[in-house]
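# Show me the folded form of this:
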Amino acid sequence: MKKYFTKENYPEKSKEKFEFVQMGDIKDERFKTEPIGFWKDSLNRFVRNKASVIAFFNISVIIIMAIIGPWMNEYEYNMQNVALINMPPRIPGLERLGIANGSLSLPNRRLANLDNPEIFPPGSIISVSNHRVIMNVDMVDVIVNDYIMRGVPDRYHWFGTDFLGRDIWTRLWRSARTSLLMAFLATAINVSIGLLYGSIAGYYGGASDMVMMRFAELLESIPSLIVMIMIIMFFGISVMTLILAFILTGWIGTAWTIRAQFFRYKNREYVLAARTLGVKDRKLIFRHILPNGIGPIVTRAMIMVPGVMFGEAFLSYLGLGLRPPDTSIGVMLADGQRTLLTLPHQVLFPAVLISILMISFNLFANGLREALDPTRRGEI
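Prediction:
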């Protein structure tokens with residue numbers, strides 16, 4: 001039979017019967033490093049992710065260029081010159097290396113015309129190749145300096161000109177500014193609405209959650225493209241109309257994500273302890289529960305930015321993009337497809353820019369998600 005100690009049979013306690021073992025050898029070691037807070041620890045983890053750092057650098061450079069790029073030359077983004085339409089890129093310094101030297105290929109030209117200064121001004125011919133005889137006429141392919149051919153040898157268009165003679169460099173960075181501004185505003189509004197909506201539904205649950213999420217499902221069941229077209233047709237085409245079209249249903253995905261995070265964390269021990277101590281619901285939501293779901297929120301927000309830019313580009317291909325004099329990356333892609341086979345650089349530059357933004361935002365979002373994850377705090 002097991003013997004249990006009770007008040008009656010428990011031996012009398014006395015200082016003589018108890019002694020501390022190794023009392024003199026117990027010492028607390030001092031911390032050799034300074035204490036690190038949550039944000040500094042997150043920054044340290046983010047910096048160790050090289051891909052995310054490079055992505056952040058790319059995004060920063062593009063944002064800076066979107067601000068200062070349109071003022072780096074003397075051309076306005078809506079300045080037209082029909083005498084200089086569809087000109088190739090020409091960049092000072094690189095033209096000596098044979099890169100972006102304003103060259104243009106002219107196939108099937110009469111050999112006899114090469115000596116005619118009215119057709120080929122002096123110094124305009126770069127190279128002649130592929131001599132052949134067609135119907136007793138000597139024909140060649142000629143590569144010329146298009147700027148000398150058009151009588152503007154001192155002019156430089158770094159990315160060339162479009163079908164209306166507008167400078168592509170200036171328009172590209174002006175378009176990037178418009179597209180980024182539109183994407184950031186739409187993302188900020190979507191995340192704010194989804195954050196508030198999903199927090200309330202996930203925290204209170206029950207009937208509130210059922211009503212709110214059924215409404216979200218009903219709104220989400222309407223095809224987003226139809227919603228966008230209806231808004232644009234009703235309000236007209238403008239930057240604010242496009243933003244409204246992207247936020248009408250764009251917040252629903254964020255709300256679902258936040259709701260799932262609240263169901264995951266709201267019954268944790270530290271939340272129950274805080275509720276027992278009388279902490280108000282607002283403080284529980286925004287201080288104790290929401291920070292634990294910041295990773296998925298940041299990831300979704302960063303992915304949403306290029307998503308809005310691609311959505312705007314898609315609407316531009318449908319003819320629902322911005323109207324002149326406004327411009328965006330989607331408008332430039334839609335305009336460049338007219339000369340895709342003959343002058344591919346008009347599509348290449350905006351396509352490369354939006355591709356870099358998409359990849360960079362995805363890598364940046366992954367880095368932020370891992371850095372802001374509270375469960376990984378203190379990892380090396």
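
# and the nearest residue to Ile85 once chain neighbours are set aside, backbone torsions?
Of all residues not flanking Ile85 in the chain, Gly165 sits nearest, at 4.6 Å (CB to CB, 6 or more residues apart in numbering). (Each C-beta comes from the backbone N, C-alpha and C, glycine too.) Main-chain dihedrals, Gly165, degrees, to the nearest 10: phi 80, psi 20.

# gap between Gly165 and Asn81?
According to CB to CB, to the nearest Å, Gly165 and Asn81 sit 4 Å apart.

# again, but for Phe215
53 Å.

# now Trp158
From Trp158 over to Asn81 (counting by CB to CB), the distance is 15 Å.

# ok, those two, which is more surrounded?
Taking other CB atoms under 10 Å, Trp158 and Asn81 do not tie; Trp158 has more neighbours (19 against 16).

# Surely the more buried one is within a helix?
No: assessed with DSSP: H, G, I helix; E, B strand; the rest coil, Trp158 is coil; it does not lie in a helix.

# residue boundaries of the strands in the stretch 1-150 of the chain?
103-110, 125-134, 137-145 (DSSP state E, counting those that start in this stretch).

# circling back: for the residue nearest to Ile85, which residues are in contact?
Listed by CB atoms under 8 Å, 6 or more residues apart in numbering, the contact set of Gly165 reads 80-85, 87.

# One more pass at 10 Å, please.
Gly165 is in contact with 75, 79-87, 157, counting by CB atoms under 10 Å, 6 or more residues apart in numbering.

# Among the residues you listed, name the buried ones.
75, 80-81, 84, 86-87, 157 (16 or more other CB atoms under 10 Å).

# between those, which is closest to Ser238?
Distance to Ser238 across the buried ones among the contacts of Gly165 (CB to CB) is lowest for Gln80, with 21.9 Å.

# Look up how far Gly253 lies from that closest one.
From Gln80 to Gly253 the distance is 41 Å (CB to CB).

# next one: Phe120
59 Å.

# same deal with Asn145?
Separation of Asn145 from Gly253 (CB to CB) stands at 52 Å.

# likewise Asn113?
From Asn113 to Gly253 the distance is 62 Å (CB to CB).

# Looking at the two, which is more packed in?
The neighbour comparison of Asn113 against Gly253 (other CB under 10 Å) goes to Gly253, with 18 against 12.

# contacting residues around Ser208?
Ser208 touches 200-202, counting by CB under 10 Å, 6+ apart.

# can you pull the buried residues of the helix or strand where it lies?
With elements taken from DSSP states H and E, the one containing Ser208 is helix 206-220. Buried residues in helix 206-220, counting neighbours by 16+ other CB under 10 Å, are found at 209, 212-213, 216.

# what distance separates the helix or strand following it from the centre of its chain?
Counting by DSSP H and E, the next helix or strand C-terminal to helix 206-220 is helix 224-235. Centroid displacement of helix 224-235 relative to its chain, using CA atoms, centre = their mean, to the nearest Å, is 24 Å.

# now the angle from helix 224-235 to helix 206-220?
Orientation check (axes from the mean of the first three to the mean of the last three CA atoms, to 10 degrees): helix 224-235 against helix 206-220 gives 80 degrees.

# Let me know the angle separating the longest helix along the chain from helix 206-220.
Ranked by residue count and defined by DSSP state H, the top helix of the chain is helix 168-204. For helix 168-204 against helix 206-220, the angle by the same axes, to 10 degrees is 150 degrees.

# packing partners for helix 168-204?
helix 50-68, helix 206-220, helix 239-250, helix 252-265, helix 281-283, helix 294-317, helix 329-336, helix 345-371 (3 or more CB pairs under 10 Å, 6 or more residues apart in numbering; DSSP states H and E).

# what pLDDT, on average, does that helix get?
Average pLDDT, helix 168-204: 91.

# buried stuff in the one helix or strand in the chain whose mean pLDDT sits lowest?
Ranked by mean pLDDT, DSSP states H and E, the weakest helix or strand in the chain is helix 38-48, scoring a mean of 81. Across helix 38-48, burial judged by 16+ other CB under 10 Å covers 41-42, 45-46.

# ditto for stretch 146-156
146-150, 152, 155-156.

# which two of those lie the greatest distance from each other?
Maximum distance among the buried residues of stretch 146-156 (CB to CB): 15.1 Å, for Met149 and Tyr156.

# thought Ser175 was touching Ala334?
No: using CB atoms under 10 Å, Ser175 is not in contact with Ala334; the gap is 11.1 Å.

# Which one of these two is surrounded by more residues?
More crowded of Ser175 and Ala334, by other CB under 10 Å: Ser175, with 26 against 20.

# ok, the more buried one - contacts?
66, 70, 77, 168, 322, 326-333, 350, 353-354.

# what's the answer for Tyr317, then?
330-331, 333-334, 337.

# Which one of these is nearest to Met139?
Gln337 (30.6 Å).

# what about that closest one, neighbour count?
12.

# separation between the spatially closest residue to it that is not a sequence neighbour and Phe159?
Sequence neighbours aside, Val347 is the residue nearest to Gln337 in space, at 6.3 Å (criterion: CB to CB, 6+ apart). Distance, Val347 to Phe159, by CB to CB: 12 Å.

# Between these two, which has more neighbouring residues?
When neighbours are counted by other CB under 10 Å, Phe159 comes out ahead of the other of Val347 and Phe159, with 23 against 18.

# Please consider this matter closed, and thank you.
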